[in-house]
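1. Give me a model of this one.
(chains A and B)
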Amino acid sequence: MEFFKIRRTIPFMRYALIFNVISLITFIAAVFFLVHRGLNYSIEFTGGTLIEVGYHDAAKVDAIRQALEKAGYKAEAQNFGSSREVLIRMHLEANQSSSDVAQKVMGVLKQQDPSAELRRVEFVGPQVGRELVDLGLVALLVTAVGIVCYLWLRFEWRFGVSGIIANLHDVVIILGFFAFFQWEFSLPVLAAVLAVLGYSVNESVVVFDRVRENFRKMRKASTPEVIDSAITGVISRTIITHGCTQMMVTTMLIFGGQALHYFALALTIGILFGIYSSVLVASPLVMWLGAKRDQFIKPTHRGRRDEHEGAVV
Amino acid sequence: MNRFPTWKYALIALAIALAFLYTLPNFFGESPAVQVASAKSTVRMDPGVVARIEQALQGANLPASGLVMDPTGVRVRFADTDTQLRAKDAIDRALNPDPKDPAFSVALNLLSASPNWLSAIHALPMYLGLDLRGGVHFLLQVDTAAAITKRVENLAADLRTQLRDKNIRHGGIAREGQTVRIRFREAATRDQGRAYILNNIADLNVAERDDGQNLLLVCTVKPEFQKRVMETALQQNIQTLHKRVNELGVAEPVIQQQGADRIVVQLPGVQDTSRAKEILGRTATLEVRLVDEEAMRTGSTFGDDVFPERRRDGTIGQVPVKKQVYVTGDQFIGASATFDQDQRPAVAVELDDAGGRTMRQVTRENVKHLMAIILFEKGKGEAISVATIQSEFGSRFQITGAFTPNETRDLSLLIRAGSLAAPMEIIEERTVGPSLGRDNISKGFHATLWGFTAIVVFMSIYYLVFGLISSLALAVNLLLLIALLSLLQATLTLPGIAAIALTLGMAIDSNVLINERIREELRGGATPQAAIAAGYERAWNTIFDSNVTTLIVGLSLLMVPGAVRGFAVVHCLGIMTSMFSAVLVSRALVNLTYGHRRRVARLAIGNTTWK
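-> Numbers count the residues shown, from 1 in each chain, chains lettered A, B, ... in the order given. The predicted structure follows:
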């Protein structure tokens, strides 16, 4: 079987400007929603209490809400996963530092319906959440710097810079989606976002690798031609690989339940934009930044990467 | 060119066999067990205990299906939960003849049902996180400032006695925050005091100050002292928590320091959070002090602490107590609920050597005076016992007061479990019910299974034999990853399962790269054997680069605690196993399939005839 029978080099770079403009618009939209609406942080970040309750029969969310309100709690209750499960979310009150709330809430709910079963409680104090936001940002920074440095060492600074710009643009767009739809941004989502960063850099590396190889092979070709042929060479692999990863992520969306829902969703968006950005954003950026053939044929210290010397497996 | 030397095949086969061996325990499931651990620092687990357990089980006619002993305790496995429950009672009765003062903690647990020879080579099932097996997780913030304040208060009390003993006249000593201020009337005595403090109390810095009316010495504690107090406070709190958890009878608790002033407590399998929290969170400590009888007469309680006192007639009084503390909660080494000679509930306590010595001295000097025992809980003190010292006594005595039998039991438990050196506050709590844990496992398992199946089906159709080989390599990857997780006993959480799935989804990339390269080489006119060699060689550079960048991300994710770290650990391990399986294992399989044939007309890798 063969999906892609590409006989000619596709002139991707001819449309480079269009792709970059599309990216810029999406990016600006994402930033706009991030600033305007902000992320809907989970209580892991904001602090608060989260209680998951299971019932025998379908739960009456309205009744639960009223009962809690009558007992003096400011709480959001909603169905979670199935109609028999309810998620109750309470934000941190000014001077509520202890986690007794869950017990009291369960008391109220048990009174209302004895079949209420406590499935999960999460209480996060204010100090923990703030630290997490900081650590998440630090992790993002370390990742970005680490990737730029590695690509710089292995390729060229232009590749490092365009790789990271293209992929941070993915991250911002995922966050933009989460801001726009007000999906809950939790710790697993943070993990997914950073994993996507690695994943789409990975994608860029595959293209860059081909670009480097073609710069050496195609002695007479111009930079856009080299990049075009590199992208054409790997496009089939790109789509198949991402298709496979997406199959895995899709089963996570279907079978993973609520706990993995947003994680898988973030990955899905990330994979889609990862393909787009590494192929159609990173490569034009490399071109704009002025990558040239002679940057790769310095025989003195690039000699080790000679074509004939394949790695020993 | 497509042959490996025999040792290479053997090495790969060995790696896979080992991986299989270490993955094996995960398939056996768990069987009910009873876990016996020492509940006291003085009680040692030794073969004698094992003999007693065996005897108890024989006596009750309860057959055990296995018994393991390690430094942490003894674990006995049973065929079903019914036997397990009865065995727990039997062992408890046999080992703890006095239920008020248990020497061993006997707890229900689940143990891997894998055969003993597997456990002997340290092949254990994966260590499941609380979100998969159910249980309670607490993160406690230790108020170290309070511990330092308490120590400064003690230092101030010491200074008071010592300056009096040395006859250095001062106009009052007071603690303000973490400093101690001493007032003097004359410069000469202040110099005397200053010299004394500098020579005798190493933990204090001294500065001279003048507030207009008095000459002052302002003593501040040195930073080393603060650090030391913080560290010991944390250590003592951890120890205390250990003892309290033992009282709760939890199997495999985790109690660890996190950062400078935090403690993580994880209690797998505990469902009754309120009780766990009550026992863990009690910051009760006892203090033995003397009652200021003069203040009781005159009513002027200046310089004293006044505590409410619960009297036998049910009324609440107020009792003025001197500031000096003679014995604190950490000096109590034993306590049990009992009755005094008038058959009223009381607590019999025992002090350590130092505490006993102090007690003897204090009681000798203060016969016929009133002594108070103050219980501090949640920052508030209560005089639980105010009694006249009848005669000198030492390390063993009874605390009597207006108690009910239940209260004496709780009180003795608290004293036994030790006091907290500094108050703690729960800043993060996570409770997962057992049903949710099981749900999470099955959801994660199904997601991975179906994703894996989909990839295998697709790869086999698209790349034929090479797709099948890629799928086998992917299966080896999964095997290696699970073996590694079992071997390292890294905590597997739901995000960890997600990481397994995602890593598999990403690992197939290497094989796609290789297969595409081989097709390309074939299209370029290379012979089958040359195409295989060139495909693997050319793809390796790319595979290496892309895995390193992914690894950079994985490593930086390790910084973020909680769910993210659970994800990152598995992710990083998965990247490494995938490099091995995708490149080495798949190559070995390709070599075995094609490399040893004399002539290969074409490769079963899909249609490559078009140009």
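
2. most centrally placed residue in chain B?
-> Computing the C-alpha centroid of chain B and ranking residues by CA atoms, centre = their mean puts residue B:255 first, at 1.8 Å.

3. ok, it touching residue B:238?
-> Yes. Taking contacts as CB atoms under 8 Å, residue B:255 lies within contact range of residue B:238: 5.8 Å. From N, CA and C alone the C-beta is placed, and that goes for glycine too.

4. if we can go back for a sec, bridge partners for the residue nearest to the centre of chain B, pull those for me.
-> Note on residue B:255: beta-bridge partners residue B:265, judged by DSSP bridges.

5. any idea how far it is from chain A?
-> Per CB to the nearest CB, to the nearest Å, residue B:255 is found 18 Å from chain A.

6. Determine the set of other helices and strands touching the helix or strand harbouring residue A:265.
-> Using DSSP states H and E, residue A:265 maps to helix A:257-277. With contacts defined as 3 or more CB pairs under 8 Å, 6 or more residues apart in numbering or on different chains; DSSP states H and E, the packing partners of helix A:257-277 are helix A:157-181, helix A:187-217, helix A:223-255, helix B:434-488, helix B:494-523.

7. Select, out of the ones you listed, the one closest to residue A:86.
-> helix B:434-488 (13.1 Å; CB to CB).

8. Within its sheet, name the partner strands of the next helix-or-strand element following that closest one and how each one runs.
-> Reading on from helix B:434-488 to the C-terminus, the next helix or strand found by DSSP H and E is strand B:491-492. Here the strand partners of strand B:491-492, with direction, are listed using DSSP bridges: strand B:127-128 (parallel).

9. what is the mean pLDDT for the strand it pairs with?
-> For strand B:127-128, the per-residue pLDDT values average out at 87.

10. now the helix or strand following it, how far from the centre of its chain.
-> Toward the C-terminal end, the helix or strand that comes next after strand B:127-128 (DSSP H and E) is helix B:130-133. Relative to the chain's own centre, helix B:130-133 is displaced by 15 Å; criterion: CA atoms, centre = their mean, to the nearest Å.

11. C-terminal to helix B:130-133, what's the next element?
-> The C-terminal neighbour of helix B:130-133 among helices and strands, as given by DSSP H and E, is strand B:135-142.

12. now the angle between helix B:434-488 and that next one, please.
-> Angle between the axes of strand B:135-142 and helix B:434-488 is 80 degrees (criterion: axes from the mean of the first three to the mean of the last three CA atoms, to 10 degrees).

13. now strand B:135-142: how far from the chain's centre is it?
-> Distance of strand B:135-142 from its chain centroid, counting by CA atoms, centre = their mean, is 9 Å.

14. thinking again about what came up before, can you list the buried residues in the helix holding residue A:265?
-> Within helix A:257-277, the residues that qualify as buried are A:257, A:259-271, A:273-277, counting by 16 or more other CB atoms under 10 Å in any protein chain shown.

15. Would you mind identifying the next helix or strand past the helix or strand bottoming out on mean pLDDT in chain B?
-> Taking mean pLDDT, DSSP states H and E as the measure, the helix or strand of chain B with the lowest value is helix B:273-281, at a mean of 69. Reading on from helix B:273-281 to the C-terminus, the next helix or strand found by DSSP H and E is strand B:285-290.

16. elements contacting the helix or strand that that next one is followed by?
-> Downstream of strand B:285-290, the first helix or strand assigned by DSSP H and E is helix B:293-298. Here helix B:293-298 touches strand B:316-322, going by 3+ CB pairs under 8 Å, 6+ apart.

17. Pull the number of nearby residues for residue B:527.
-> Burial measure for residue B:527: 13 neighbouring residues, criterion other CB atoms under 10 Å in any protein chain shown.

18. Okay, domains of chain A per the record?
-> A:12-41+A:128-297, A:48-124 (automatic domain parsing).

19. Which helix or strand contains residue B:154?
-> Taking DSSP H and E as the criterion, the element that holds residue B:154 is helix B:144-165.

20. Mind listing residues that contact the next helix or strand after that helix?
-> Beyond helix B:144-165 in the direction of the C-terminus, DSSP H and E gives the next helix or strand as strand B:173-176. Among residues not part of strand B:173-176, those counted as contacts by CB atoms under 8 Å, 6 or more residues apart in numbering or on different chains are B:149, B:152-153, B:156, B:159-160, B:163, B:180-183.

21. Flag the shaky bits of chain B, pLDDT-wise.
-> Regions of chain B meeting the criterion pLDDT under 70 cover residues B:39-43, B:72, B:99-102, B:247-248, B:271-275, B:278-279, B:281-284, B:377-379, B:417-419, B:608-611.

22. about what we covered before: buried subset of the contacts of strand B:173-176, written for PyMOL?
-> Written as a PyMOL command, the selection of buried residues from those, which uses 16+ other CB under 10 Å, is:
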select buried, chain B and resi 149+152+156+159+160+163+180+181+182+183
